[in-house]
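Student: any chance you could fold what I've pasted below:
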Amino acid sequence: MEDNYRYIPFKGVNPVKRLYEEKHLLEKAYDFLKVVIRGNTLFAKGFCQPSEYSGVYEYKLMFTPGTRPMVFTTQPQISYNNDIHMYSRDGSLCLFYPKDRSFTHVSHLFDTIIPWTHEWYLYYELYLLKGKWLHPYVDHRRI
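Tutor: The predicted structure follows:
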């Protein structure tokens with residue numbers, strides 16, 4: 001899965017103000033996240049355990065206004081393969097289809113990217129059990 005959709009048009013809001021708003025919303029919604037802003041980028045570190053039988057997944061979120069948020073698994077290492085929803089270029093998780101506008105310049109990380117990240121790990125656990133990605137398929141060639 002290639003990342004041809006990194007840029008998200010960003011209009012009308014001061015990028016610095018947007019970063020601090022996102023930081024506030026993330027910290028208010030999730031006490032397990034460590035959130036910092038460096039320069040023009042927000043970084044958040046978190047973890048997810050999809051079930052009591054699962055291991056713990058540690059991840060890092062990076063968000064710069066005007067680009068798509070990127071989430072990387074930091075522990076354990078998950079290698080890219082064509083069967084799971086990851087971008088081959090950088091190893092980030094494929095959390096949404098950019099052309100369907102499910103994440104736009106007015107979306108917030110706390111109610112989109114973080115829940116989608118945790119859902120991704122649940123589907124990854126199912127993939128490990130079943131050998132097949134069970135999340136509904138989106139043809140990335142459509143539109």
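
Student: what residues sit buried inside the helix ranked longest in the chain?
Tutor: Identified as the longest helix of the chain according to DSSP state H is helix 113-130. Neighbour counts over helix 113-130 (16 or more other CB atoms under 10 Å) mark 113-114, 116-118, 120-121, 123-125, 127 as buried. Where you see a C-beta, it was placed from the backbone N, CA and C, and this is true even at glycine.

Student: any low-confidence regions in the chain?
Tutor: Along the chain, the model assigns pLDDT under 70 to residues 1-12, 100, 137-143.

Student: change it to 90
Tutor: Residues of the chain meeting the criterion pLDDT under 90: 1-16, 66-68, 80-83, 85, 87-89, 96-106, 135-143.

Student: spatially central residue in it, please.
Tutor: In the chain, the centroid-proximal residue (CA atoms, centre = their mean) is Val71; its distance is 4.1 Å.

Student: that one should be in a helix, yeah?
Tutor: No. With DSSP: H, G, I helix; E, B strand; the rest coil as the criterion, Val71 is assigned strand and is not in a helix.
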